[in-house]
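Q: predicted model and sequence follow; I will ask about them next.
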Amino acid sequence: MTRIDRIAEPWGTRTPYGPGEQWPTRVDSHLADGLTEADVDRWVQSATILHSNGDGLDIAVKDDRIVGVRGRAVDRVNHGRLGPKDLFGWQANNSPDRLTEPLIRRDGELVETDWDTAMDAVAGRCRELLAEQGPSAISFYTTGQLFLEEYYTLGLIAHGGIGTNHVDGNTRLCTATAAAALKESFACDGQPGSYTDIDHADVIALYGHNMAETQTVLWTRILDRLAGPNPPKVVCIDPRETPVARHATVHLAPRPGTNVMLANALLHEVIGNGWVDAGYVEQHAVGFEELAERVRDYPPELAAEVCDVPVERIREAARVIGTAERLVSSVLQGFYQANQATAAAVQVNNIHIVRGMLGKPGCGILQMNGQPTAQNTRECGADGDLPAFRNWSNDEHIADLARVWNVDPMDIPHYSPPTHAMQMFRYAEEGSIRFMWVQATNPAVSLPELGRIREVLAQERLFLVVQDIFLSETAQLADVVLPAATWGEKTGTFTNVDRTVHLSEKAVEPPGHARPDLDIFLDFAHRLGLKDKDGAPLVKWSTPEEAFEGWKECTRGRPCDYTGLSYDKLRGGSGIQWPCNDEHPDGTERIYVDGQFWSDPSYCESYGRDLVTGAPLSPVEYKAMNPSGKAVLKAAEYVPPHEVISEDHPFQLMTGRTLYHFHTRTKTGRAPQLQGAAPEVWAEMAASDAADRGLTEGDVLEISTPRGRVEAKLRISGIRPGVVFLPFHYGYWDAPGGHEPGGKRGRAANELTITDWDPCSKQPIFKTAAAAVKRLEKADGPSPAPTTTGSRPVTDGVPPTTGGDAALCTEELATVAGGDR
Ligand SMILES: Nc1nc2c(c(=O)[nH]1)N[C@H]1C(S)=C(S)[C@@H](COP(=O)(O)OP(=O)(O)OC[C@H]3O[C@@H](n4cnc5c(=O)[nH]c(N)nc54)[C@H](O)[C@@H]3O)O[C@H]1N2
Ligand SMILES: Nc1nc2c(c(=O)[nH]1)N[C@H]1C(S)=C(S)[C@@H](COP(=O)(O)OP(=O)(O)OC[C@H]3O[C@@H](n4cnc5c(=O)[nH]c(N)nc54)[C@H](O)[C@@H]3O)O[C@H]1N2
Ligand SMILES: [Mo]
């Protein structure tokens, strides 16, 4: 047993292993100061929530309070390991400033009230608007952070009960492109691969994915392969010198917004050099000719110029990828939130299809998720999709869903594509949406162009309900605030990116009168008196387990088949991967193993879209591609970003994350070790840019775009020249004096971002804009950015990031086998 500072050493100790071997077990734990495992009253099974990795853990309880966490050795995902956010983030549950009572706005002020008054106000306003304006006045903006049972219930209430098409989640900002890219290539959502592919891979390519900071345990798996015999090669495509880039065999740092150009050049090389599995393509894919023709126009020389990357390095990356025997790729926000998101992500699928690198050990695509339960938002139909990957433009699928719900098919809105989040905010701005219920997301910090978003949310005519665990920046603008119970205080299941389903059990009571999100939805359905077509209650369950059983029926025979799972089966051991049914009682490690895809027109989730305009294809257009059972290769031309640099705005602006914080910091900002590691906003710039402008480490800068301005201290980092990076974690709930929303001294990166989205996935573009930078004050010390991460300084004299004694965690290396497979 070792104790180490997991702020200073975020990934912990290496446990090297070789290709095809089992990843060794290492059990990580952290308990509140002074406690040992002997003090713990009980351990309660759960999984991690501050990212999408889905690491199994147990919650330590003493005197009915959460006092720590310990990784689950038996879990297939993490083999016992936990990341820094998991080890320390639970402390937020115990914060003294949790919401404990509902609040309602009276004479302009939010005041405490009881649940009856609050829910009557919510249901009452909803009923009034339904009578006056119909369902299109009602909208729900949900999240990727609730549980499966909650999303399914919400989707049923909104689609089957109220009949509104305005249901989306912050997953639109997050992994709408993951879903879109999978639907374009495979006609259905669902990850082909498995995390275990990392155990077998000889090449791992990361596209706009800083996995080291955002899926720390998955990255630990890669670090352990890199430390073992026959390590894999790593290809990193990221404009910053992230920890991933530092471990890469080849690092390409393209100009932001040029991903399609670069990916097309990689495909140009792969196809041009004949690194193609012709037999696989012939049997299992359509569209090869169009793709080959398109990428012929994208030689590496052209990409080198447009992306500003050395041509030899593009060729080298293409050779590594093109000659890989077992290739794993992962894609995330550097693609999904950048120019031409879906078109770029689809090219990564294309690489795997043309190389026949699917469905075999070591050959997996991870079109990654970000939030812990985003997969369920999508599966359960709480993001505009319909439950269990049903196709909204297939009338038979609507009829089948109506059968499951016992409603009339015409009561389920499917007359047009589901309203995406950015459009919902537009409708609210224009006044056609009058009721917006926001759950577990903080749009007043996380949406682009915050000045505009605050105005939309603050309108008198919009009835805003916010369901949260803290009085977030968004909750402060609400008409009614509903205090929720969270992870550890309620029971439910969730599914990670490699389709592993975990059960998360209630460990302690929620504070005050906070209630589980599921109970709040059930209460709402009850107050509205929602009925099925026979006059029975529409929602037929009252507990999470009953909701799960209802969901299982909804998935029967669909790709994400949960019928073989149960709460009991998920208890005690490892998480289990869907599909899990009679045919696959222990779950399914990889899908598409036989080169058969769920693309039959009568079965598929989507007919796809035009990658450049985003227009949905009609069933006839889809069928004309002859896709039955096959994957679809879709080519895309490169289109430059909309907002480009100018004399006034000479820098490209990118925004993103740091290892120590989660989003708007409502949880990690309340965990002292994490907050201490990254206490305040900063801005990253290359040494050459700083030198050109006479700037030094720690200078106070103003970064501005036509939308707003932010004040931040300069970190001179390994970012590519011409680019400024801001973390988006810092809003206003704990802002020091002077920083204020829309004021002279902004702090939130989204004051600066642009209202623009990918035509296909409708995901906002948080990573490509043009900005100006000027110095406000000279440095009085280094910037507060961490030194262990992508923000590592290139200048001397910056003290290392450490959590000291407070951040000591236990590591237990074990020889016993961890989770199989
Ligand atoms: N520590 C931590 N972990 C998290 C989260 C968190 O808030 N904090 N959030 C979770 C969630 S919801 C998500 S969605 C994921 C996100 O996880 P990531 O996508 O890994 O994180 P980001 O920092 O948003 O962006 C990744 C990288 O994209 C690069 N990038 C920017 N523009 C471009 C471009 O045009 N091209 C390319 N190739 N790269 C570009 C940036 O330099 C950045 O390093 O993380 C999850 N895990
Ligand atoms: N500029 C820029 N903006 C971005 C991004 C970026 O990279 N750059 N990334 C985007 C991405 S990928 C994402 S995912 C979003 C994230 O953006 P948000 O979803 O707005 O961020 P969070 O801080 O996770 O907000 C979650 C809220 O839910 C509350 N909460 C937590 N648990 C529960 C619960 O169990 N029940 C309830 N009811 N509430 C709960 C928290 O207190 C918090 O207020 O930001 C997006 N915005
Ligand atoms: Mo996300």
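A: Cool, the structure landed. Numbering: from 1, shown residues only. Ligands and ions are numbered 1, 2, ... in the order given.
Q: residues of the chain that sit close to ligand 3?
A: Applying CB under 5 Å from the ion, we find that the chain lies next to ligand 3 at 174, 370. Any C-beta I mention is one placed from the backbone N, CA and C, and that applies to glycine too.
Q: for the stretch 601-750 of the chain, what spans make up the helices?
A: Ranges of helices within the stretch 601-750 of the chain are 619-624, 672-677, 687-693, based on DSSP state H, counting those that start in this stretch.
Q: can you pull the residues of the stretch 551-700 of the chain lying near ligand 1?
A: For the stretch 551-700 of the chain, the residues in contact with ligand 1 (CB under 6 Å from any ligand atom) are 654, 656-657, 659, 661-663.
Q: out of these, which are buried?
A: 654, 656-657, 659, 661-663 (16 or more other CB atoms under 10 Å).
Q: tell me the one of those residues nearest ligand 2?
A: Nearest to ligand 2 among those is His663, at 3.3 Å by CB to the nearest ligand atom.
Q: what does the stretch 151-300 of the chain put close to ligand 1?
A: Counting by CB under 6 Å from any ligand atom, the residues of the stretch 151-300 of the chain lying close to ligand 1 are 174, 208-210, 213-214, 237-240, 242, 254, 256-257, 259.
Q: please work out which of the helices of the stretch 601-750 of the chain is packed deepest.
A: helix 672-677 (a mean of 22; mean count of other CB atoms under 10 Å).
Q: including distance to Ile645 and mean pLDDT, could the helices of the stretch 601-750 of the chain go into TSV?
A: Formatted as TSV, the helices of the stretch 601-750 of the chain follow (distance: least, CB to CB, whole Å; pLDDT from 0 to 100):
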stretch	distance to Ile645	mean pLDDT
helix 619-624	38	94
helix 672-677	32	98
helix 687-693	12	98
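Q: now those helices as JSON lines including distance to Gly334?
A: Output for the helices of the stretch 601-750 of the chain, formatted as JSON lines (distance: least, CB to CB, whole Å):
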{"stretch": "helix 619-624", "distance to Gly334": "30"}
{"stretch": "helix 672-677", "distance to Gly334": "23"}
{"stretch": "helix 687-693", "distance to Gly334": "20"}
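Q: nearest to Pro231, out of the ones you listed?
A: Evaluated over those, closeness to Pro231 peaks at helix 672-677, with 28.9 Å, by CB to CB.
Q: report whether the closest one contacts ligand 2.
A: No - between helix 672-677 and ligand 2, judged by CB under 6 Å from any ligand atom, nothing touches; the nearest distance is 13.2 Å.
Q: and the residues of the stretch 551-700 of the chain next to ligand 1, which two are furthest apart?
A: The distance between the two most remote of these (CB to CB) is 18.9 Å, for Met654 and Phe662.
Q: from Ala303, how far out is Val295?
A: Separation of Val295 from Ala303 (CB to CB, to the nearest Å) stands at 10 Å.
Q: what do these two both touch?
A: 264-265 (CB atoms under 8 Å, 6 or more residues apart in numbering).
Q: which one of the helices of the stretch 601-750 of the chain lies closest to Gly124?
A: helix 672-677 (39.8 Å).
Q: give me the contact list for that closest one.
A: 7, 84-85, 88-89, 91, 660-661, 665, 668-669, 786, 801, 803, 806-807.
Q: near ligand 2, which of the residues you listed show up?
A: Of the contacts of helix 672-677, not one also sits near ligand 2 (CB under 6 Å from any ligand atom).
Q: separate out the buried members of these.
A: Using 16+ other CB under 10 Å, the buried members of the contacts of helix 672-677 are 7, 84-85, 88-89, 91, 660-661, 665, 668-669, 786, 801, 803, 807.
Q: go through the residues you listed and name the one nearest Pro418.
A: Arg665 (30.2 Å).
Q: ok, the closest one touching Pro727?
A: No - the pair Arg665 / Pro727 is not scored as a contact, 9.9 Å apart, by CB atoms under 8 Å.
Q: which regions of the protein sit below the pLDDT cut-off?
A: 815-821 (pLDDT under 70).
Q: give me the domain ranges for it.
A: Domain segmentation of the chain under automatic domain parsing yields 176-368+600-632, 651-809.
Q: need the winner for burial among those domains.
A: Buried most deeply of those, by mean count of other CB under 10 Å, is domain 176-368+600-632, with a mean of 22.
Q: which SSE is Val481 in?
A: Using DSSP states H and E, Val481 maps to strand 480-485.
Q: does whichever helix or strand comes after that strand come close to ligand 1?
A: The element immediately downstream of strand 480-485 (helix or strand, assigned by DSSP H and E) is strand 492-495. No - judged by CB under 6 Å from any ligand atom, strand 492-495 and ligand 1 are separated, with a smallest distance of 13.4 Å.
Q: show me what strand 492-495 is packed against.
A: Using 3 or more CB pairs under 8 Å, 6 or more residues apart in numbering; DSSP states H and E, the elements in contact with strand 492-495 are helix 148-155, helix 374-380, strand 500-504, helix 544-555.
Q: buried residues, the first one. List them.
A: Within helix 148-155, the residues that qualify as buried are 148-155, counting by 16+ other CB under 10 Å.
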